[in-house]
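Student: Sequence and predicted structure below; questions after.
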Amino acid sequence: MTDEQIKDRIRDIIAAVTGIDRSRITDTASFTDDLKLDSLSQLEIVVTADEEFALRLPNEDLKGLDNLEETMALIRRHLKASGAEGGAA
């Protein structure tokens with residue numbers, strides 16, 4: 001799975017959870033400042049991403065996560081570490 005495919009899946013998750021148009025969810029748009037996501041929405045996004053990519057992202061890795069690019073990098077790292085490069089089908 002490419003970085004762009006991961007970002008597309010995350011973008012879909014954010015749009016589904018929040019109702020925000022995909023076009024507003026850019027690589028560097030701040031979840032809190034630009035997209036105005038509250039902590040509950042962010043938690044729901046993480047839980048959904050865990051399920052989508054068959055991962056368990058540790059809470060300590062989530063601190064400070066504030067945009068699509070950072071989220072993709074975190075998921076990429078965990079996919080490589082778990083040997084699940086393909087992620088969920």
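Tutor: Received the coordinates, thanks.
Student: use CA for all of it now, contacts and neighbours both
Tutor: Fine.
Student: Met72 contacts Arg9, doesn't it?
Tutor: No. The pair Met72 / Arg9 is not scored as a contact, 9.5 Å apart, by Cα atoms under 8 Å.
Student: neighbour count winner among these two?
Tutor: Taking other Cα atoms under 10 Å, Met72 and Arg9 do not tie; Met72 has more neighbours (21 against 16).
Student: Can you give me the pLDDT of the more buried one?
Tutor: With respect to pLDDT, Met72 scores 93.
Student: can you list the weak-confidence ranges in the chain?
Tutor: 84-89 (pLDDT under 70).
Student: where do the helices sit along it?
Tutor: In the chain, the helices defined using DSSP state H lie at 3-18, 39-52, 59-62, 68-82.
Student: In CSV, list those helices along with distance to Ser30.
Tutor: As requested, the helices of the chain are exported to CSV (distance: least, Cα to Cα, whole Å):
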stretch, distance to Ser30
helix 3-18, 12
helix 39-52, 12
helix 59-62, 14
helix 68-82, 8
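Student: Which of the ones you listed sits closest to Ile25?
Tutor: helix 3-18 (6.4 Å; Cα to Cα).
Student: chain center to the closest one, what's the gap?
Tutor: Helix 3-18 has its C-alpha centroid displaced from the chain centroid by 6 Å (Cα atoms, centre = their mean, to the nearest Å).
Student: May I see the buried residues of that helix?
Tutor: By neighbour count with 16 or more other Cα atoms under 10 Å, helix 3-18 contains the buried residues Ile6, Lys7, Asp8, Arg9, Ile10, Arg11, Asp12, Ile13, Ile14, Ala15, Thr18.
Student: and it, C-alpha only, in PDB?
Tutor: Coordinates of each C-alpha in helix 3-18 appear next as PDB, following Å, rounded to 0.1, in the frame of the first residue of the first chain:
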ATOM      1  CA  ASP A   3       1.500   6.500   1.200                       C
ATOM      2  CA  GLU A   4      -1.200   8.000  -1.000                       C
ATOM      3  CA  GLN A   5      -3.500   5.000  -0.600                       C
ATOM      4  CA  ILE A   6      -3.000   5.300   3.200                       C
ATOM      5  CA  LYS A   7      -3.800   9.000   3.100                       C
ATOM      6  CA  ASP A   8      -6.900   8.400   0.900                       C
ATOM      7  CA  ARG A   9      -8.200   5.800   3.400                       C
ATOM      8  CA  ILE A  10      -7.600   8.200   6.400                       C
ATOM      9  CA  ARG A  11      -9.200  11.100   4.500                       C
ATOM     10  CA  ASP A  12     -12.200   8.900   3.900                       C
ATOM     11  CA  ILE A  13     -12.400   8.000   7.600                       C
ATOM     12  CA  ILE A  14     -12.100  11.600   8.700                       C
ATOM     13  CA  ALA A  15     -14.900  12.600   6.200                       C
ATOM     14  CA  ALA A  16     -17.100   9.800   7.300                       C
ATOM     15  CA  VAL A  17     -16.700  10.500  11.000                       C
ATOM     16  CA  THR A  18     -17.000  14.300  10.800                       C
END
